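Undergrad: coordinates only, no sequence provided:
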């Protein structure tokens, strides 16, 4: 469709004519119609002392909720920069710092330098800096920029993953490496970008490489020694996938022997993807860890006919053994690169008069799922962004009802599929407030054309086999930050953004929600109404996640990375893919004017009243 | 299939020069492309007695230079060997660098591009030498060199766009 390009250009021109400051279009509900969900709670709230941020998402529930309330909807307009820190690296700064015992821990994108900043001293001097060995080849084996989504803390150590496939432990006090374990094989395209979590005496990690024909896995390492305790593959025979007597999937089509291999033609499961590059959650009562799995490989669906279990799935595993307890395959035989690795937020919500233990998952495929986290039953599934590939989820089977005209086939050009392969939401994590009972969700509004072709597996090269140019979705905006009710599957308010919202959310007990944008703004909004309270231009686009902490002076601080990159920045922003900072690139179709608003960066900003 | 019989022709040409043309001045044939080509830095004062001095390598020529069929075949190989999913459709850039922007991180002469493909590059470019034939590497060289669109030194934000694939 020739005029698709014309439309894209038109959108770009409109965005260009906007004033420099008015980049948002608030469509909040009227204050009179304030919507809250009573009787909700975070399943396992804040970890560690109040005022610290000890886990990537603040707690095991992945709520990204802070108890701190000095900063409120009434005073947020007085926020200002308190201090900043240059990370010395210019690639995509996804993830977030940790704050433990008046020390801030920062992990940079490749080369994955770790910094420990002393918050008790004026100017926040370094306690230590750790530069790991990290194979340079990893840069070109990572599909979507050389990001790192942060560290985990436990047993006096900082645990994090290196892009070249190692997991390491660094002494939190001294910065000395305690152990280093090779988990991934770069020669096969395995890199690691995800943030681990610590459960009891284990650190849990997973692989990236869904675009490289890896065979995805999740593993547990001993916190003291780094020795692998268990590793579970997500595809292949039951023994490798850790499907045994405890496996009780809710839906009948997920029951059977060796489905992780028999739902693939021949040996194609061996290069079938199913990586674990997203966020992990943990339920200490059930002792279950929840994780998603990536798209199947290759994208050319004709080369892997079948359900391709257990790719594009949400999985519950025993944290001690890795045994699979239940699974929901969100997108069976995925056609559009809809990974299911987005975060699973563990909350207790009233549904049809009963409080249910659920996980809430905003999937790439555009549906929000509310799932019983004890059984894997889908209680609700509603679209949260413009989408056109499905007529809804069949609640009897949990499978999506597909629209034939959007289904892909080798060689066939399918136009205007929404959402695009970036998904209705990607890695940018949502937050949940028990005060409002609402989820705060950074989303994308993009569509794509898709044409697949035959591809040969060559170890260490992409195993994709499709072209999928993207463009802005309907409505003339390309992202929206929204408040969402997961008991009804309805949007409560939204702030339309000119670009996909690729940074995560933080919501506080002060009733304020924070997020950043690709065009380099960091914003605070009223959690109840969506009213924009404050914004500050941090310069480089935000793809990281805000955190809140209490400083040694007793003040509440909000910290955020500025540093455009990740899949959005890398592929589309234009001038962020090259090795040379002065190397300007022509802009891509999806975000034609983004490079007008931002450029490379690598900063931590800290704000206070 | 591994083709061990096919040695790197650059190695051959370099060793040939080193052993047989040490006394000749090759200055007239030196590539003066400002650093794109392969070269030997000649620190004569540090060389032992008898070591050949004044030797400068020839810039290798693409045997398929000007051959349109080779460029077409190179475009097919670009897809077959998965180059496309790293470097983007039409070399617009994706995981790996763009071929359209006229910027060459490791040199843009035919010999430098050949070497980038043959021996790989440290940021993750795999080494294809010995895995595919040298002729195929030259045809890929022809193709990627044909992709340069223009000088992108300036972006003027007029709203012009170029298609890219994403992951």
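TA: On my side now, so go ahead. Not measured: the values here are computed from a predicted model.

Undergrad: and the strands in the stretch 151-300 of chain A?
TA: A:152-154, A:157-161, A:166-171, A:177-182, A:197-199, A:202-206, A:217-222, A:228-233, A:281-283, A:288-292 (DSSP state E, counting those that start in this stretch).

Undergrad: tally of neighbours for the residue in chain B positioned nearest to chain A?
TA: Closest residue of chain B to chain A, CB to the nearest CB: residue B:124 (1.8 Å). To be clear about C-beta, it is placed using only N, CA and C from the backbone, and glycine gets the same treatment. By the criterion of other CB atoms under 10 Å in any protein chain shown, residue B:124 has 23 neighbours.

Undergrad: does it really touch residue A:146, like I thought?
TA: No: assessed by CB atoms under 8 Å, residue B:124 is found out of contact with residue A:146, at 9.9 Å.

Undergrad: tell me, what's touching those two both at once?
TA: Listed as contacting both residue B:124 and residue A:146 by CB atoms under 8 Å, 6 or more residues apart in numbering or on different chains are A:138-139.

Undergrad: ok, and the closest non-adjacent residue to the residue of chain B closest to chain A?
TA: The shortest distance from residue B:124 to any non-neighbouring residue, by CB to CB, 6 or more residues apart in numbering or on different chains, is to residue A:140 (1.8 Å).

Undergrad: same question for residue A:559.
TA: residue A:606 (4.8 Å).

Undergrad: and residue A:418, by the same measure?
TA: Nearest to residue A:418 is residue A:447, by CB to CB, 6+ apart, at 4.0 Å.

Undergrad: next SSE downstream of the helix or strand harbouring that neighbour?
TA: Following DSSP states H and E, one finds residue A:447 within strand A:446-452. As assigned by DSSP H and E, the chain's next helix or strand after strand A:446-452 is strand A:466-467.

Undergrad: the helices in the chain, which residues?
TA: Picking chain A for this. A:3-17, A:238-241, A:259-262, A:566-572 (DSSP state H).

Undergrad: try again with chain B
TA: Per DSSP H, chain B carries helices over the ranges B:9-20, B:68-80, B:83-87, B:110-119, B:134-145.

Undergrad: got the angle between the longest one and helix B:134-145?
TA: Going by axes from the mean of the first three to the mean of the last three CA atoms, to 10 degrees, helix B:68-80 is angled at 90 degrees with respect to helix B:134-145.

Undergrad: what is helix B:68-80 packed up against?
TA: Other elements packing on helix B:68-80 under the criterion 3 or more CB pairs under 8 Å, 6 or more residues apart in numbering or on different chains; DSSP states H and E are helix B:83-87, helix B:134-145.

Undergrad: near chain A at all, the shortest one?
TA: Yes: under the criterion of CB under 8 Å from any CB of the partner chain, helix B:83-87 makes contact with chain A via B:83, B:85-86.

Undergrad: which residues are contacting that helix?
TA: Outside of helix B:83-87, the residues within contact range by CB under 8 Å, 6+ apart are A:140, A:211, A:455, A:461-465, B:77-78, B:93-99, B:140, B:144, B:165.

Undergrad: list only buried entries from those residues.
TA: Among those, those buried by neighbour count (16 or more other CB atoms under 10 Å in any protein chain shown) are A:140, A:211, A:455, A:461-465, B:77-78, B:93-99, B:140, B:144, B:165.

Undergrad: returning to what we had before: could you give the bridge partners of the residue nearest to residue A:418?
TA: Residues in a beta bridge with residue A:447, per DSSP bridges, are residue A:471.

Undergrad: show the pLDDT at it.
TA: What the model reports as pLDDT for residue A:447 is 94.

Undergrad: now do residue A:228
TA: For residue A:228, pLDDT reads 98.

Undergrad: roughly how far does it sit from chain B?
TA: According to CB to the nearest CB, to the nearest Å, residue A:228 and chain B sit 26 Å apart.

Undergrad: and what of residue A:330?
TA: Distance from residue A:330 to chain B, by CB to the nearest CB: 19 Å.

Undergrad: residue A:319 now?
TA: Counting by CB to the nearest CB, the gap from residue A:319 to chain B is 31 Å.

Undergrad: reformat the strands of the stretch 151-300 of chain A as TSV; add mean neighbour count.
TA: Converted to TSV, the strands of the stretch 151-300 of chain A look like this (neighbours: other CB atoms under 10 Å in any protein chain shown):
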stretch	mean neighbour count
strand A:152-154	24
strand A:157-161	27
strand A:166-171	23
strand A:177-182	16
strand A:197-199	22
strand A:202-206	26
strand A:217-222	23
strand A:228-233	19
strand A:281-283	24
strand A:288-292	26
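
Undergrad: so which of these is nearest residue A:555?
TA: strand A:152-154 (22.3 Å; CB to CB).

Undergrad: who touches that closest one?
TA: A:54-56, A:98, A:100, A:105, A:158-160, A:172, A:195-198, A:203, A:223.

Undergrad: any low-confidence regions in chain A?
TA: By pLDDT under 70, the low-scoring segments of chain A are A:1-33, A:569-592.

Undergrad: what sits closest to residue A:451 if chain neighbours are left out?
TA: In space, residue A:451 is closest to residue A:413, 4.5 Å off (CB to CB, 6+ apart).

Undergrad: my read: the one you found touches residue A:449, true?
TA: Yes: between residue A:413 and residue A:449 there is a contact under CB under 8 Å: 6.4 Å.

Undergrad: looking at these two, which one has more neighbours?
TA: residue A:449 (18 against 12).

Undergrad: got the contact list for that one?
TA: Contacts of residue A:449 (CB under 8 Å, 6+ apart): A:4, A:413-417, A:467-469.

Undergrad: filter these down to the buried ones, PyMOL style.
TA: In PyMOL syntax, the buried subset of the contacts of residue A:449 is picked out as below (16+ other CB under 10 Å):
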select buried, chain A and resi 414+416+417+467+468+469
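
Undergrad: pipe the contacts of residue A:449 into JSON lines and attach distance to residue A:426 per row.
TA: Converted to JSON lines, the contacts of residue A:449 look like this (distance: CB to CB, whole Å):
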{"residue": "A:4", "distance to residue A:426": "22"}
{"residue": "A:413", "distance to residue A:426": "24"}
{"residue": "A:414", "distance to residue A:426": "21"}
{"residue": "A:415", "distance to residue A:426": "22"}
{"residue": "A:416", "distance to residue A:426": "20"}
{"residue": "A:417", "distance to residue A:426": "16"}
{"residue": "A:467", "distance to residue A:426": "20"}
{"residue": "A:468", "distance to residue A:426": "14"}
{"residue": "A:469", "distance to residue A:426": "17"}
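
Undergrad: related to what we said a few turns ago, and among the helices of chain B, the most buried is which?
TA: Of these, the one with the most neighbours on average (mean count of other CB atoms under 10 Å in any protein chain shown) is helix B:83-87, at a mean of 24.

Undergrad: averaged pLDDT, it. What do you get?
TA: Mean pLDDT, helix B:83-87: 91.

Undergrad: what is the least confident helix or strand in chain B?
TA: helix B:9-20 (a mean of 37; mean pLDDT, DSSP states H and E).

Undergrad: check chain A and tell me which residue is nearest its centre.
TA: residue A:427 (1.9 Å; CA atoms, centre = their mean).
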